[in-house]
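Asks: next input, structure requested:
(chains A and B)
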Amino acid sequence: MLGFLWTFARPLAMLAVFTLLKKLSRADLFNTIPYGLYLYSGIIFWFYFIEAVTSTQRSIASDAGLIKRIYYPRLITPMVPVIARLYGLLLSLIPLFILMFYYHVYPGWRILLLPVVILQAMVLSLGLGTLFAALSLVKKDYENFLSLIIYIGIFISPVIYAPAMIPQRALFFYYMNPAAGMLLAFRSCWFTDFPFPFWQFLYSCIASVLFLIIGTTMFRKAEMYFSDSL
Amino acid sequence: MDEPIITVKGISKKYHIGNPLPPRQERKILRRLLSPFRAFQGMGMPFTAPQEKEFWALKDISFDVYKGERLGIIGRNGAGKTTLLKILSRLVYPTEGEARIRGRVTTLFGVGTGFNGNMTGRNNVYLDATLHGLSRQEIDARFDEIVEFSGVGKFIDTPVKCYSNGMQSRLAFAVAAFLDPDILMLDEVLSVGDMAFQQKCLQKMEGLTSAGRTIFLVSHSMESIMRFCEKVLWLEEGQVVEFGVAKDVTTSYSKRMLKLQASYKAQPGIERSRTTPVGQTPPRDIPQAPGAELLSFEVLDAEHQPKEIFFRHEQINIETKFRVLRQDIPLVVSVHIIKDNVHVMTTHCSKTIQEEINTVWIGKTNIPADFLNTGDYSFSIAIVTPARPKWQHVYLEKIVSLKVVEAYNPDRIFSGEYRGVVRPQFPWEYIKISQE
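Replies: Next up is the predicted model:
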C-alpha cells in the first residue's frame, strides 16, 4: 500500500508527459514562468476542481443508503466532497514545494490571497455540483453533459498552456470560463512573477456565487424527489 | 397532552408503476427546477408520449398522535404502512396533504439496516448519531450503552459487512433507541433478532414511553401490537380502515384478516337445526323433529363483550343460547375446542336438561385464566341427546375462533413459545429434603 502517494501519481504523470511533449515538439506555450511549475500548479488545482464537481454531482446517488433512511439537511451531502477533496489538494502541494525550491521561485505577499482563491473554487464546485446533481436526478443526460464539459475543460482552461496563446479576439470568450480566472489567480498566489488576474478573478467570483445560488436553489427543490427516484 | 405531537392531515402519496419518474412527472420537476431560469427550459425534454400508470400508496390519511402514546400500525403487505412512516420521517414527500411533527423523529426500517458495510460498527454508530443531530460528546456518553445493549461486543471495530444480519439489526435498534428521539418509529424490527433480544427491545421501548417518548410500531404480529400499543391505525390499500383504541381495532382486524369470530348468531330460518343420528342408529329411530335450536354461541371477556383476542391471563367465558324444541328428550350442550386441527378437549355439563318446549336457555361455562396456550383456538358446538341412541340436534364445526396472546411481562422465566396445546398453571412447590 503506497497510500497517500497515489495522490501525487496523476499530477506527476501528467507533468512528466506534458513536459516531455513540450520538449520534443519545442512548442511555445507562452509561459512566463518555468513550465514545470506552471503545469503542475495548474493540474493540481484543476484536478481538485473537477473531482469536487463530479463527486458532488454523484454524492446523492452514492449516499442513497443514508438518504433513504435518515432525514438530515440534504445540502450536507454535496458539501462533503468539496471539503474532503481539499485534503488531496493539500497533499499535492508537497511536490509543488519541491518544484518551487528546485526552480528558486518563491511566493510573495499574494500567498495571503490563497484562502480566497480556494474558497472561490469551493463555491464554484459546489454550485456546479449541486446544479448537476439536481438535474441528473431527473435526467441522466445531464450527467453525461457534465462529464463532457469536464473532459473538454482542461483544454479550454489555462491548465497546460498560458492564455497568451489565445488570439486577442477570442480572449474575451476564453475568460468567460470561470475556471480561467480561478486557475490564474491560484498561480499568482504562489509565484511572485505571475501577475494577479484581477478582473478575470473578480468575474470568476461573481460567476461562482451565481452558480452557487442557482445550484443550491435547484438542489433544494429537487430534494423532495430524492427518495422517490433513488 | 393538549397538543398532538403529530398531526397528519389528508396525506396522499402517488407512485408510478414501472418508472419512479415517468416522463410527465419528469417534465413537471424540470419545469419546477428551472422555473426561475426560464431560459433553460426545453433542455432535454423527452419526445416519447407519456404512458403513465399511477397508483396511490396512501390516500387521504388523517390522524393525531399525542405525546407518550404507543401507536401500532397494522395492515397487509403493501397497505402503505412503510410509506406512511417514510413520510412522517421526512424521507418521502407526500403528493398531497401535510403532517406536523413536533419533535425529533428516529425511524428504524426492518429490512436492511442501511449501515455502510465498509465502515466499522463504531463509525456507523457515530455517523448515524451525528446525522440524527447528536454532538460528539452526546454520542461518547451513550456509546458504551449502545454497544452493551446491542451485544455486538468486541466486533464493534469490525466492518459491518462482516456482521450477521442479527448483529446488524441489533446494533441498528440500539442506536435508534439510545438516540433518545421524541418519536421513535419501528418498522417490522421486532421480527428480527432472537426472543431474548425481542424481550430486551420491548423492555427498552417500555422505558422510552414511560419517559414520555412516543412510539410507532409497524408489525404483522397481533401479539406485539396487543402487548404494546394503546392505539392502532389499520391501513388497507392506502386508506385508514380504523383508527382507535387498540382493543377495538385489533378485534375488527382479527375478524376480517385472521378470520377470527368471537360471536355466532343463528339467522332465523336459515340455520334450522336438523337432527341427525350419530353412529349406527337404525333408520326407524331417527327422531321426527330436533330437540333444540341454537340461537347464539359466543366467547366473551370479563365485561361480557365478545372478543377475538384474549390475553392468557384472562378468563374466557363461553355462552350458548338455545331454544328447547322437544320436551320428551334430555339435552346436553357440549363444546369442542380445537387447535391446529388437534381436538384439544370436549366439555359439557355433567347434567342433562329436559324442559318445556320453546323455553330459551343459556348454557354458561368458562375456560379459566392461564389455561390455554398461546395461539389460535376454534370452537365447535353440539347439542345432543346422550341417551341411547345418541341424537345430535345441532352440530356446527369451528364457528367461533379466538387467539390467545401473552401479555408483556419482563419477569418471565422462559421467553420462548411453550409447547403443547394447553398450558395450565399447575400448583408447584419446592421442598427441601436435605442439606449437604
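Asks: please pull out the lowest mean pLDDT helix or strand from chain B.
Replies: Every helix and strand of chain B was ranked by mean pLDDT, DSSP states H and E. The lowest is strand B:276-277, at a mean of 57.
Asks: next SSE after that strand?
Replies: Downstream of strand B:276-277, the first helix or strand assigned by DSSP states H and E is strand B:292-300.
Asks: so how far is that following strand off the chain centroid?
Replies: 28 Å (C-alpha atoms, centre = their mean, to the nearest Å).
Asks: give me the contacts around that strand.
Replies: Contacts with strand B:292-300, where a contact means C-beta atoms under 8 Å, 6 or more residues apart in numbering or on different chains, come from B:262-266, B:271-273, B:306-307, B:310, B:316-326, B:331, B:360, B:379, B:381, B:383, B:393-394, B:396, B:399-400, B:402. Where C-beta positions appear, they are placed from N, C-alpha and C, glycine not excepted.
Asks: 7 Å instead, please
Replies: Strand B:292-300 is contacted by residues B:262-266, B:273, B:306-307, B:316-325, B:331, B:360, B:379, B:381, B:383, B:393-394, B:396, B:399-400, B:402 when judged by C-beta atoms under 7 Å, 6 or more residues apart in numbering or on different chains.
Asks: in strands, which of these appear?
Replies: The strands, defined by DSSP state E, take in B:263-265, B:316-324, B:360, B:379, B:381, B:383, B:393-394, B:396, B:399-400, B:402 from the contacts of strand B:292-300.
Asks: show me which of the residues you listed are buried.
Replies: Buried subset of the ones in strands among the contacts of strand B:292-300 (neighbour count, 16 or more other C-beta atoms under 10 Å in any protein chain shown): B:263-264, B:316-322, B:324, B:379, B:381, B:383, B:393-394, B:396, B:399-400, B:402.
Asks: ok, which of those residues also contact chain A?
Replies: Applying C-beta under 7 Å from any C-beta of the partner chain, the subset of those adjacent to chain A is empty.
Asks: now do the helices in chain B.
Replies: Along chain B, the stretches classed as helices by DSSP state H are B:23-34, B:81-88, B:121-131, B:136-150, B:165-178, B:195-210, B:222-228, B:246-257.
Asks: which neighbouring elements make contact with the second one?
Replies: Identification of packing neighbours for helix B:81-88 by 3 or more C-beta pairs under 7 Å, 6 or more residues apart in numbering or on different chains; DSSP states H and E yields strand B:6-16, strand B:54-65, strand B:96-101, strand B:183-187, strand B:214-218.
Asks: need these in TSV with mean neighbour count and mean pLDDT, can you?
Replies: Putting the helices and strands packed on helix B:81-88 into TSV (neighbours: other C-beta atoms under 10 Å in any protein chain shown; pLDDT from 0 to 100) gives the following:
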stretch	mean neighbour count	mean pLDDT
strand B:6-16	18	85
strand B:54-65	18	85
strand B:96-101	15	88
strand B:183-187	24	87
strand B:214-218	25	89
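Asks: if we compare those, which one ends up closest to chain A?
Replies: strand B:6-16 (7.7 Å; C-beta to the nearest C-beta).
Asks: tell me what that closest one is packed against?
Replies: So strand B:6-16, by 3+ C-beta pairs under 7 Å, 6+ apart, packs with strand B:54-65, helix B:81-88, strand B:96-101.
Asks: interface residues of chain A facing chain B?
Replies: Residues of chain A lying near chain B (C-beta under 7 Å from any C-beta): A:65-66, A:68-72, A:134-135, A:138-139, A:141-142, A:214, A:217-218, A:221-222, A:224-225, A:227-229.
Asks: the residue lying closest to residue B:114 once chain neighbours are set aside: neighbour count?
Replies: Closest residue to residue B:114 in three dimensions, ignoring its sequence neighbours and counting by C-beta to C-beta, 6 or more residues apart in numbering or on different chains: residue A:69, at 4.1 Å. Counted with other C-beta atoms under 10 Å in any protein chain shown, residues neighbouring residue A:69 total 21.
Asks: ditto for residue A:56
Replies: For residue A:56, using other C-beta under 10 Å, the count is 27.
Asks: check which helix or strand it maps to.
Replies: helix A:35-62.
Asks: buried ones in that helix?
Replies: Buried residues in helix A:35-62 (16+ other C-beta under 10 Å): A:35-60.
Asks: I'd like the next helix or strand past it.
Replies: Defined by DSSP H and E, the subsequent element after helix A:35-62 is helix A:64-67.
Asks: what angle do helix B:121-131 and the helix or strand following that next one make with each other?
Replies: Using DSSP H and E, the helix or strand that follows helix A:64-67 in sequence is helix A:76-103. Between helix A:76-103 and helix B:121-131, the angle comes out at 110 degrees (axes from the mean of the first three to the mean of the last three C-alpha atoms, to 10 degrees).
Asks: what backbone torsions are found at the residue nearest to residue B:114?
Replies: Per-residue torsions, residue A:69: phi -120, psi -40 (degrees, to the nearest 10).
Asks: neighbours of residue B:366, just the number please.
Replies: Residue B:366, neighbours per other C-beta under 10 Å, totals 14.
Asks: got a list of what the closest residue to it other than its chain neighbours touches?
Replies: Among residues not flanking residue B:366 along the chain, residue B:317 sits closest, at 4.7 Å (C-beta to C-beta, 6+ apart). Residue B:317 is in contact with B:299-300, B:366, counting by C-beta under 7 Å, 6+ apart.
Asks: picking up where we left off before, can you put the helices and strands packed on strand B:6-16 in JSON lines and add distance to residue A:22?
Replies: Listed next are those as JSON lines, based on distance: least, C-beta to C-beta, whole Å:
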{"stretch": "strand B:54-65", "distance to residue A:22": "60"}
{"stretch": "helix B:81-88", "distance to residue A:22": "57"}
{"stretch": "strand B:96-101", "distance to residue A:22": "62"}
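Asks: between those, which gets nearest to residue B:411?
Replies: Counting by C-beta to C-beta, residue B:411 lies closest to strand B:54-65 out of the helices and strands packed on strand B:6-16; the figure is 29.7 Å.
Asks: which elements pack onto that closest one?
Replies: So strand B:54-65, by 3+ C-beta pairs under 7 Å, 6+ apart, packs with strand B:6-16, helix B:81-88, strand B:239-245.
Asks: adjacent strands (with direction) for the last one?
Replies: Spelled out, it's strand B:239-245. strand B:231-236 (antiparallel) (DSSP bridges).
Asks: between the partner strand and strand B:214-218, how big is the angle?
Replies: Going by the same axes, to 10 degrees, strand B:231-236 makes 30 degrees with strand B:214-218.
Asks: ok, and what's touching strand B:231-236?
Replies: B:63, B:69, B:71-76, B:79-81, B:225, B:240-246, B:249-250, B:253.
Asks: how far is that strand from where the chain is centred?
Replies: Counting by C-alpha atoms, centre = their mean, strand B:231-236 comes out at 10 Å from the chain centroid.
Asks: please save the CA atoms from that strand in CSV.
Replies: The C-alpha coordinates for strand B:231-236 follow below in CSV (Å, rounded to 0.1, in the frame of the first residue of the first chain):
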residue,chain,number,x,y,z
LYS,B,231,-53.9,2.9,19.9
VAL,B,232,-53.9,1.2,16.5
LEU,B,233,-54.1,2.5,13.0
TRP,B,234,-55.3,0.0,10.5
LEU,B,235,-54.4,0.7,6.9
GLU,B,236,-55.7,-1.1,3.8
